[in-house]
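Participant: Give me a 3D structure for the following:
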Amino acid sequence: MTTFSLSGAFARMRQTKPASLAAALATSVLLLSGCAELRAPRPSQPLPTALLPPNVEPLRAAARMAAADFADQGSRLQGRPAETARAVGRLEWLTATLSTDPRYSALPEGVAMSLRAGAAEARANLGMVADTPPAQATAVLTEIARAIDAGATPSFPASVFPAGPERSLQRLQAPGPFPQAGIATGQAAEAIAAADRQGGWKPTTGQSSF
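Facilitator: Numbers count the residues shown, from 1 in each chain. Prediction:
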């Protein structure tokens, strides 16, 4: 990034005609805000506490649970709509976290790519809108699971489930196989376990980044 001197900018402003002063000031503000944006960390995905056991490290727990959820192509989820909603919600969070959080960049790049394909497969199986933001997908699926567990009629927002409540519930009850999600979640759990065995996530220092 080009070094930006605030004092130099204001010195030039004093030599600028009044008509151009506002434009010069606006440019300076944009440059400063751009530098701040590059320095700021990426926002993390909201932690789905309702989908995880209490008092656990969330990434490792989510990876282990996702691998169990989608083992054997997700056969254990068939006929269990609340569990399916929770499983796909965890998959959404795990995928988004490993795809965007720089703390986990030590993992092989293929892990996140495989998870994204698995999440896309899960969305297609449930009839979800393909480009739903992951945080929204996780939140909606969490509420659907909670309603089913309580014996209430779940809400299926049309912006996420365009097929309507009846058809969407049917898909949750019989979502079909999840071959890609099964492969991806198994890979993620193995990669995380391997990183732990090899001394953490910063091999040059031996320190864990989380």
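Participant: How about residues contacting the helix or strand encompassing residue 135?
Facilitator: Residue 135 is part of helix 134-149, with elements assigned from DSSP states H and E. Here helix 134-149 makes contact (C-beta atoms under 8 Å, 6 or more residues apart in numbering) with 45-46, 48, 50-51, 81-83, 85-86, 88-90, 92-93, 95-96, 119, 123, 128, 132, 153-157, 160-161, 172. C-beta coordinates here come from the backbone N, C-alpha and C atoms, glycine included.
Participant: Kindly write the ChimeraX command that selects the buried subset of those.
Facilitator: Filtering the contacts of helix 134-149 down to the buried ones (16 or more other C-beta atoms under 10 Å) takes a single ChimeraX command:
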select :45,48,51,81,82,83,85,86,88,89,90,92,93,95,96,119,123,128,132,154,156,160,161,172
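Participant: The helix holding residue 135 - what's its average pLDDT?
Facilitator: Computed over helix 134-149, the mean pLDDT rounds to 97.
Participant: How far does that helix sit from its chain's centre?
Facilitator: 14 Å (C-alpha atoms, centre = their mean, to the nearest Å).
Participant: Quick check: buried residues in it?
Facilitator: Neighbour count says helix 134-149 has 134-135, 137-145, 147-148 buried, by 16+ other C-beta under 10 Å.
Participant: show me where pLDDT drops low in the protein?
Facilitator: Low-confidence segments of the chain, defined by pLDDT under 70: 1-44, 199-210.
Participant: make it 80
Facilitator: Within the chain, the stretches with pLDDT under 80 are 1-45, 199-210.
Participant: okay, which residue is most central for it?
Facilitator: By C-alpha atoms, centre = their mean, the chain has its centre lying nearest to residue 96, at 2.1 Å.
Participant: which stretch of helix or strand covers that residue?
Facilitator: helix 81-100.
Participant: could you say what helices and strands that helix packs with?
Facilitator: With contacts taken as 3 or more C-beta pairs under 8 Å, 6 or more residues apart in numbering; DSSP states H and E, helix 81-100 sits against helix 58-69, helix 109-126, helix 134-149, helix 165-173, helix 179-197.
Participant: quick one: contacts of the fourth one?
Facilitator: What it means is helix 165-173. 79, 81, 84-85, 125-127, 144, 153-156, 161, 163.
Participant: Using PDB, write out every CA atom in stretch 109-124.
Facilitator: Provided in PDB are the C-alpha atoms of stretch 109-124 (Å, rounded to 0.1, in the frame of the first residue of the first chain):
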ATOM      1  CA  GLU A 109      -6.800 -25.600   0.800                       C
ATOM      2  CA  GLY A 110      -8.700 -28.600  -0.600                       C
ATOM      3  CA  VAL A 111     -10.500 -29.100   2.700                       C
ATOM      4  CA  ALA A 112     -12.500 -25.800   2.400                       C
ATOM      5  CA  MET A 113     -13.200 -26.400  -1.300                       C
ATOM      6  CA  SER A 114     -14.500 -29.900  -0.500                       C
ATOM      7  CA  LEU A 115     -16.700 -28.500   2.300                       C
ATOM      8  CA  ARG A 116     -18.200 -25.800   0.000                       C
ATOM      9  CA  ALA A 117     -19.200 -28.600  -2.400                       C
ATOM     10  CA  GLY A 118     -20.700 -30.500   0.400                       C
ATOM     11  CA  ALA A 119     -22.700 -27.500   1.600                       C
ATOM     12  CA  ALA A 120     -23.900 -26.900  -1.900                       C
ATOM     13  CA  GLU A 121     -25.100 -30.500  -2.100                       C
ATOM     14  CA  ALA A 122     -26.900 -30.200   1.200                       C
ATOM     15  CA  ARG A 123     -28.700 -27.000   0.100                       C
ATOM     16  CA  ALA A 124     -29.700 -28.700  -3.100                       C
END
